[in-house]
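A.B. asks: heads up, no residue letters with this:
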């Protein structure tokens with residue numbers, strides 16, 4: 001399938017450059033994809049005080065997740081929303097009152113530009129980055145509902161192969177909270193994959209973070225949902241990104257059709 005042109009929408013009241021990449025798709029397809037940690041970009045007017053090497057690490061973004069998201073959206077013709085800003089500015093996969101919404105320390109790295117941020121500074125980042133991401137997802141859901149097809153919500157992430165020196169055995173994990181009606185068939189399909197994948201059931205993290213993207217947009221609306229975590233070494237390069245996008249497109253196609 002020919003990849004559709006990526007359209008970056010700029011809905012009022014958020015001025016360009018918009019902090020989200022919005023990929024249009026069929027609103028009646030039954031799926032909306034969000035990539036919360038797609039980018040390591042920091043606008044030039046924000047100084048986080050970190051050396052450039054830190055922005056190549058997982059603390060700044062989910063390595064490979066954006067490329068996989070774009071390819072799945074293109075292959076299935078579904079809408080997707082990706083962040084155009086680093087999670088070190090503000091983490092849209094956290095609730096507004098979560099103490100880790102603006103990270104002061106992340107995996108051993110002190111973030112000087114966040115160390116003394118006050119409430120006014122936090123609210124300014126919410127308005128500039130977090131709120132437009134929320135609004136873009138809500139708008140995609142509204143379009144789906146208007147088309148008569150309330151969607152499942154899928155969020156795409158990646159995780160590090162090691163944590164505190166310990167290897168993580170999973171190739172992919174599917175996370176969920178109370179509602180497993182979308183997550184369970186995803187786990188079953190991945191476990192049946194001929195590649196012999198090690199699939200995490202609520203691993204490498206537990207699902208159900210209050211105020212996260214799934215909680216705000218799926219759980220609050222009663223929509224089916226799942227959070228995907230792919231191990232970063234598997235999707236750091238184009239070959240792996242193509243492989244995993246094709247795998248998820250194949251698995252998702254019959255699920256959203258039904």
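C.D. replies: Everything's here; your move. All values reported here derive from a predicted model rather than from experimental measurement.
A.B. asks: any idea how far the host helix or strand of residue 125 is from the chain center?
C.D. replies: Secondary structure assigned from DSSP states H and E places residue 125 in helix 119-125. Averaging C-alpha coordinates over helix 119-125 and over its chain gives two centres that are 23 Å apart (CA atoms, centre = their mean, to the nearest Å).
A.B. asks: what packs against the helix or strand following that helix?
C.D. replies: Tracing the chain C-terminally past helix 119-125 and defining elements by DSSP H and E, one meets helix 131-146 next. Using 3 or more CB pairs under 8 Å, 6 or more residues apart in numbering; DSSP states H and E as the contact criterion, the secondary-structure elements in contact with helix 131-146 are strand 20-23, strand 31-35, strand 80-83, helix 213-217. (Glycine included, C-beta is placed from N, CA and C.)
A.B. asks: List the buried residues in helix 131-146.
C.D. replies: Of all the residues in helix 131-146, those buried under the rule 16 or more other CB atoms under 10 Å are 131, 132, 133, 134, 136, 137, 139, 140, 141, 143, 144.
A.B. asks: Now render those as TSV, adding pLDDT and distance to residue 96.
C.D. replies: Compiled in TSV, those are given as follows (pLDDT from 0 to 100; distance: CB to CB, whole Å):
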residue	pLDDT	distance to residue 96
131	97	9
132	96	14
133	97	12
134	96	9
136	97	17
137	98	15
139	97	19
140	97	20
141	98	19
143	97	24
144	97	24
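A.B. asks: now the chain, which segments are flagged as low pLDDT?
C.D. replies: Under the criterion of pLDDT under 70, the regions of the chain flagged as low confidence span 1-17.
A.B. asks: how about the strands in it?
C.D. replies: With DSSP state E as the criterion, the chain has strands at 20-23, 31-35, 80-83, 105-106, 109-110, 152-159, 162-163, 166-167, 172-175, 199-201, 225-231.
A.B. asks: Save these as a markdown table, and put in mean neighbour count too.
C.D. replies: Below are the strands of the chain laid out as a markdown table (neighbours: other CB atoms under 10 Å):
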| stretch | mean neighbour count |
| --- | --- |
| strand 20-23 | 25 |
| strand 31-35 | 29 |
| strand 80-83 | 28 |
| strand 105-106 | 16 |
| strand 109-110 | 15 |
| strand 152-159 | 26 |
| strand 162-163 | 10 |
| strand 166-167 | 7 |
| strand 172-175 | 24 |
| strand 199-201 | 18 |
| strand 225-231 | 25 |
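A.B. asks: With distance to residue 121 added, can I get these in CSV?
C.D. replies: Shown next, in CSV, are the strands of the chain (distance: least, CB to CB, whole Å):
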stretch, distance to residue 121
strand 20-23, 21
strand 31-35, 25
strand 80-83, 19
strand 105-106, 17
strand 109-110, 17
strand 152-159, 26
strand 162-163, 30
strand 166-167, 36
strand 172-175, 31
strand 199-201, 36
strand 225-231, 29
